[in-house]
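Student: 3D model of this:
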Amino acid sequence: MGPAIWAVTRPFALDSGLHVVLEVSALSPELIGWLIFAAIILSLLYLDLGVLHRHAHEVKVKEALIWSGVWVLIALAFNVGIYLWKGHGPAIEFLTGYVIERSLSIDNVFVFLVVFRYFQVPAKYQHRVLFWGVFGAVVLRILMILAGISLLNRFAWMVYVFGVLLIATGIRMAFEKDKKADIEGNVVIKLTRRLLPITNQYHGARFLVRQSGKLFATPLLVTLIFVEVSDVVFAIDSIPAILAITRDPFIVYTSNVFAILGLRALYFAMAGVMDMFHYLHYGLSLILVFVGVKMLLAESPYEIPTEASLIVVCAVLTVSVLASVWRPRRTPRTTEPSPDGVADASEVQSVQATPTPK
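Tutor: Residues are numbered from 1 along each chain as shown. The predicted structure is shown next:
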């Protein structure tokens with residue numbers, strides 16, 4: 001058998017470094033599964049940007065809800081395919097991982113809302129930023145997932161490090177509910193402004209423009225960079241969470257990607273009603289703590305079954321949402337966010353937050 005980079009068998013073989021050696025025969029079931037998945041994702045991405053959103057437009061809530069439902073149905077259909085191919089166990093692992101990643105990605109919606117409002121991104125260009133942000137996340141996740149699996153397979157004690165990390169993150173999240181994001185003081189924003197000349201106005205949907213023979217970045221590119229870095233930070237928490245469910249790279253990566261692909265529609269659907277679900281933040285923190293505990297107990301007689309994990313995660317999400325609806329905020333916000341989470345595009349003349357460097 002020769003080496004291949006598309007499919008894997010279990011367990012992994014590791015060389016002297018942190019590299020995963022993947023060996024399968026040509027056209028093995030694993031290889032075919034990866035090729036089918038790649039074809040599905042590339043087709044969906046092309047359909048999304050190349051056909052449906054070829055021309056920039058403002059995504060309305062109705063359109064976002066429809067697409068959010070479509071992404072969920074596609075993920076569930078893929079889950080059925082995994083059940084028919086791999087059986088009950090991997091199918092439950094995929095579904096549990098997808099639900100966890102999907103629920104944790106809600107925290108990213110908060111970040112997108114703050115970033116788009118801060119940079120006053122016109123509503124019709126927000127989808128473009130999120131599309132390329134998601135595309136970058138799809139590429140980066142495979143590297144981070146393989147690195148995480150390599151660490152767990154090479155160093156058995158890393159499972160306890162990841163478990164403690166998840167518990168600590170969950171506790172911190174519970175106490176940072178109303179913490180304001182310091183975008184202006186963010187090191188990424190400062191570094192970007194130092195390295196790139198930035199225009200003080202948007203230039204349509206373009207990330208780069210040439211002025212007086214010199215290449216400039218637009219505020220849209222600065223926003224994209226911030227979104228990409230935010231996803232990397234988010235992945236540091238979310239990837240260990242799904243590694244607590246399974247270490248099968250196919251299940252981990254596919255569930256991650258399907259959750260990420262539905263993130264854009266989720267943002268446009270929920271941007272205007274995020275404050276309504278004020279208990280959801282605590283639910284997400286509890287999920288992280290629970291998954292961290294599951295990881296710590298993975299090698300013990302008290303290991304938590306995947307089916308039980310799925311039930312717990314779904315129950316926590318349901319209770320969080322219902323509690324938010326039954327007991328709304330007593331103190332109303334002083335300002336109500338627009339449905340798009342930003343100022344109207346016609347009002348955006350310049351971006352004060354991203355002045356041209358001197």
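Student: show me what contacts the closest residue to I40 other than its chain neighbours?
Tutor: Excluding the flanking residues, the one nearest I40 by CB to CB, 6 or more residues apart in numbering is F78, at 7.3 Å. C-beta coordinates here come from the backbone N, C-alpha and C atoms, glycine included. Neighbour list for F78: 37, 40, 94, 254, 258 [criterion: CB atoms under 8 Å, 6 or more residues apart in numbering].
Student: one more time with 10 Å
Tutor: Contacts for F78 (CB atoms under 10 Å, 6 or more residues apart in numbering) come out as 36-37, 40, 91, 94, 98, 254-255, 257-258.
Student: what mean pLDDT does the host helix or strand of G163 have?
Tutor: Assignment of secondary structure by DSSP states H and E places G163 within helix 158-175. Averaged over helix 158-175, pLDDT sits at 85.
Student: please save the CA atoms from the helix or strand following that helix in PDB.
Tutor: Heading C-terminal from helix 158-175, the first helix or strand you meet, by DSSP H and E, is helix 187-195. The C-alpha coordinates for helix 187-195 follow below in PDB (Å, rounded to 0.1, in the frame of the first residue of the first chain):
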ATOM      1  CA  VAL A 187      -3.300  43.500  18.400                       C
ATOM      2  CA  VAL A 188      -4.500  42.200  15.000                       C
ATOM      3  CA  ILE A 189      -6.000  45.500  14.100                       C
ATOM      4  CA  LYS A 190      -2.900  47.400  15.200                       C
ATOM      5  CA  LEU A 191      -0.600  45.100  13.300                       C
ATOM      6  CA  THR A 192      -2.700  45.300  10.100                       C
ATOM      7  CA  ARG A 193      -2.700  49.000  10.200                       C
ATOM      8  CA  ARG A 194       1.000  49.000  10.700                       C
ATOM      9  CA  LEU A 195       1.700  46.700   7.800                       C
END
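Student: give me the longest helix you can find in the protein.
Tutor: helix 123-154 (DSSP state H).
Student: just the buried positions in that helix, please.
Tutor: Buried positions in helix 123-154, judged by neighbour count with 16 or more other CB atoms under 10 Å: 123-138, 141, 144-146, 148-153.
Student: so where do the strands sit in the chain?
Tutor: In the chain, the strands defined using DSSP state E lie at 13-14, 20-21, 208-211, 214-217.
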